[in-house]
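[1] Fold the following.
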Amino acid sequence: MNSKSEAFLTQQVPMAWAEVGQSHPHESAVLHVLGEATYTDDILEPQGTLHAALGLSAKAHAKILSMNFDAVRAAPGVVAVYTHEDIPGTNDCGPIIHDDPILSEGIVEYVGQPIFIVVADSHDNARRAVRKVVIDYEELPAILTPQAARDAKSFVVPPMHLARGDAQAAFERSPHRLKGELHVGGQEQFYLEGQISFAIPKEGNGMLVYCSTQHPTEMQHVVAHALHRHSHDIVVECRRMGGGFGGKESQSALWAACAAVSAAHLRRPVKLRADRDDDMMVTGKRHCFYYEYEMGYGDDGQIIAAKVEMVSRAGFSADLSAPVATRAVCHFDNTYYLGDVDIRAMAGKTNTQSNTAFRGFGGPQGAIAIEYIVDEIARNLGMDALDVRKINFYGRNDEEGRNVTQYNQKITDNVIHELVEQLVTESDYRKRREEIKAFNATSPVLKRGLALTPVKFGIAFNVTHFNQAGALVHVYTDGSVLVNHGGTEMGQGINTKVCQVVAHELGIDLALVRASATDTSKVANTSATAASTGADLNGKAAQDAANTIRKRLAEFAAKRHGGTAEEVRFENNFILVNGEEVPFSEMVQKAYMARVQLWSDGFYATPGLHWDPKTMSGNPFSYYAYGASVSEVVVDTLTGEWKLQKVMALYDAGQSLNPAIDVGQVEGAFIQGMGWLTTEELWWNAGGKLMTHAPSTYKIPAVSDCPEDFDIRLFKNRNVTDSIHRSKAVGEPPLLLPFSVFLAIRDAVSSVADHRFNPPLRAPATSEAILNAISAVQALAE
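    Model prediction:
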């Protein structure tokens, strides 16, 4: 972060009493730094705790003919071995479609699929024992790529189709047309804390499950079904995760179920902690996508017709592939108006890990395609890609006809024009473009590239009923406050923001408010902390609860001191009533003595949302978050090595609840998205085994990959939607900002032939991919 970013964070929001809008540190920052933050594996183990490990398939698609566990049971420390036959209830952990067995029932569908559980007296003994099994397989044909799945018509859900206007007629009247294909790889979540669940039997049929999960309620349901018990018998708790990124939304269920089934049989606590290799072999990742596209456009670069077919690698089961595909379809437009458009999306069933949620949830995969295409249009016309982007932007909010998306939602908050113009000016984009052109003309080996890319990202769950949240707020007689809500903390700062909202509502210092662990016995029927809605939903619910208590205290204060409840103010740890300043804690104590209720629940449901999956139309999003970034790279055309030299990004966080946390989120999302598009390559061998299943072969960005000049700024804006304090989400949208890195690399590669040809650069743009693109451009230039 540079000095300009730091200066921004010191700005104060001019309010009479404001705990929101301030750059407070993360509520667990000190605990993180000191190593005192408690994660699931840090919880003290009760006496008699056992440890589990999973036995995994060695084949991509096969029938299990026999299994011999004699050597497993004879291994040191082994207590029990369980298969699908030992699951008392439903052998399924699929979040939508019930096609995802907890343990294989005789057919394995990918290398790494869990087949059995070994429970032993230690983690290491359990891990060693699972390797002693002898399994006889009958191999079956395997499908490994999305293209092969499409050709075989192998899908986990029916194909989707969204059309507006008459794309074919629009193509016929287009002065220019282009066709092409693009492959964008998937991405491992690579959370620092791996998958882990710790199940502890309780009296009666009770089961307490500590789980590193983004969705405690889903874990509660899966465990209850697996044990054939009611939900009220199961309590799932999560204080914090060491990262989630979508990988712990649905896929933590398998680990929770296996730990709980083992604990239920043995009546002893059982912990199941995945080593990194097993975690990566078992769990799904971001969906890779293959695209075939056609575009019609005018002499000025304006898009006239658009057609795209996108096929994702869903893996062996549906998991969340349908909503991921839906969001990809809804984000193919990104910031551009597409009048006549035909979009088809397919979720290919492959014999690989069942891919799942990952920060952006299909949005990045949808938007990267249109950005790649716009880049090609500009090169074909000899124009700056920025100018092609600007001419295709959605109209301003009062510009009828060009402010309606392909799924029929009217855009009422478009700030992309102003945001991009501000970034162009502050980044000296035009001047740098000329400087880079001059540099490349005299540099035969090192080539520099520059790109500016915009972002528009819809905020809400596409499934309308998930857009709800609950919270509990307790005010104690000493004036301190405890809040519990349905969101889960994974480092993103949701607890900090929710506590800020509560402190602001009650007019007290943030230090007086504490958030407790997410717990299904406190707030029930919660939604996943996902879709960038965590602070929006849970902040509103907590505000509702705190406001109820505030009203009760105001009524009590007015009754006791005179005046009206509406005139009572809460600020600076005091309650101002009828000219008197009464300390908050003193008024609370008096209210308690007068038997005023000092706790409340709160609830929030996002209004105005609807979606018809049959017509692929509706109003699925509460609002849009916008942003743009400029990236400059240098590429060594002999080796394919590259370096990101400079980044400036401008992100629309609305009226930020916490600028420090939001800037940090943008920085992290940018680097994570850059990794997806450049270094993080998933590779399966011909037998369907994932070979990049450890840090030795799977390369996430490191500190050395961050640019020295990394300037992240928040765009000054106020959400037109009644979000929590008019802020905007910051979890997923910034992950699309590093499109500019990928396209800057492509810009540098195309300069090898003076930008006369479109480099066929795939993502991730590894050094190998860059060299392949350079060779292709050089061949065209000969």
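
[2] only C-alpha atoms for contact and neighbour calcs from this point on.
    Noted.

[3] Show me which helix runs longest in this structure.
    helix 534-561 (DSSP state H).

[4] counting contacts, what elements does that helix pack onto?
    Helix 534-561 sits against strand 468-475, strand 481-485, helix 494-506, strand 574-577, helix 584-593, strand 599-605, with contacts defined as 3 or more Cα pairs under 8 Å, 6 or more residues apart in numbering; DSSP states H and E.

[5] deepest of the ones you listed, which one?
    Greatest average neighbour count among these goes to helix 494-506 (a mean of 27), per mean count of other Cα atoms under 10 Å.

[6] ok and that helix relative to helix 584-593, angle-wise?
    Between helix 494-506 and helix 584-593, the angle formed by their directions is 80 degrees, by axes from the mean of the first three to the mean of the last three Cα atoms, to 10 degrees.

[7] Quick check: mean pLDDT of helix 494-506?
    Here helix 494-506 scores 98 as its mean pLDDT.

[8] which residues sit against that helix?
    17-20, 25-27, 483, 487-489, 509-510, 512-515, 534-535, 538-539, 542-543, 546-547, 550, 570-571, 657-658 (Cα atoms under 8 Å, 6 or more residues apart in numbering).

[9] so where do the helices sit in the stretch 51-200 of the chain?
    70-73, 123-130, 146-151, 167-172 (DSSP state H, counting those that start in this stretch).

[10] Relative to G449, which of the helices and strands packed on helix 534-561 is closest?
    Taking Cα to Cα, helix 494-506 is the member of these nearest to G449, at 36.9 Å.

[11] tell me the angle the closest one makes with strand 468-475.
    Going by the same axes, to 10 degrees, helix 494-506 makes 60 degrees with strand 468-475.

[12] what's the following helix or strand after helix 494-506?
    strand 513-515 (DSSP states H and E).

[13] which strands and helices sit next to the next helix or strand after that following strand?
    Per DSSP H and E, the first helix or strand lying C-terminal to strand 513-515 is strand 518-519. When contacts are defined as 3+ Cα pairs under 8 Å, 6+ apart, strand 518-519 sits against strand 234-238.

[14] Over to the residue lying closest to L576 once chain neighbours are set aside: give its phi and psi.
    Take L576 and drop its neighbours on the chain: the residue closest to it by Cα to Cα, 6 or more residues apart in numbering is R569, 5.0 Å away. Torsion angles at R569 (phi, psi; degrees, to the nearest 10) stand at phi -120, psi 150.

[15] tell me the contacts of R569?
    554, 575-577.

[16] re earlier: can you give me the buried ones in the longest helix of the chain?
    Using 16 or more other Cα atoms under 10 Å as the test for burial, helix 534-561 gives 534-550, 552-558.

[17] Report the distance from that helix to the chain centre.
    31 Å (Cα atoms, centre = their mean, to the nearest Å).

[18] Following the chain past that helix, name the next helix or strand.
    Downstream of helix 534-561, the first helix or strand assigned by DSSP H and E is strand 569-571.

[19] And the average pLDDT for that next one is what?
    pLDDT averaged over strand 569-571 gives 96.

[20] Relative to it, what are the paired strands and their orientations?
    Take DSSP bridges as the rule and strand 569-571 pairs in its sheet with strand 574-577 (antiparallel).

[21] Look at K646 and give its secondary structure.
    strand (DSSP: H, G, I helix; E, B strand; the rest coil).

[22] From R448, how far out is it?
    Using Cα to Cα, to the nearest Å, K646 is found at 11 Å from R448.

[23] neighbour-wise, which of the two wins?
    R448 (28 against 18; other Cα atoms under 10 Å).

[24] Quick check, pLDDT for the more buried one.
    98.

[25] so what's it up against?
    Taking Cα under 8 Å, 6+ apart, one finds 436, 439-440, 632-635, 745, 747-748 in contact with R448.

[26] How about it, nearest residue that isn't a chain neighbour?
    V634 (4.2 Å).

[27] In three-state terms, label that neighbour for me.
    V634 ends up strand, using three-state DSSP.

[28] Show the model's pLDDT score for the residue nearest the centre of the chain.
    With distances taken as Cα atoms, centre = their mean, R359 lies nearest the centre of the chain, 2.0 Å away. Looking at R359, its pLDDT stands at 98.

[29] pretty sure it contacts E732?
    Yes. Shown here, R359 and E732 form a contact pair, counting by Cα atoms under 8 Å, at 5.3 Å.

[30] Quick check: neighbours shared by these two?
    Contacts common to R359 and E732, judged by Cα under 8 Å, 6+ apart, are A531.

[31] How many neighbouring residues does E782 have?
    6.

[32] now it: how far from L162?
    41 Å.

[33] Same question for F155.
    From F155 across to L162, the span is 18 Å (Cα to Cα).

[34] who has more neighbours, the two?
    Using other Cα under 10 Å as the criterion, F155 and L162 rank with F155 on top: 23 against 18.

[35] V513 bridge partners, please.
    V481.

[36] tell me the pLDDT at it?
    98.

[37] same question, the one 4 residues further on
    Confidence per residue is given as pLDDT, and for A517 that number is 98.

[38] likewise D233?
    Reading off the model, D233 has pLDDT 98.

[39] which residues touch the nearest residue to it once chain neighbours are set aside?
    Spatially, and ignoring its direct neighbours in sequence, D233 is nearest to G206 (4.6 Å; Cα to Cα, 6+ apart). Applying Cα under 8 Å, 6+ apart to G206 gives the contacts 233-235.
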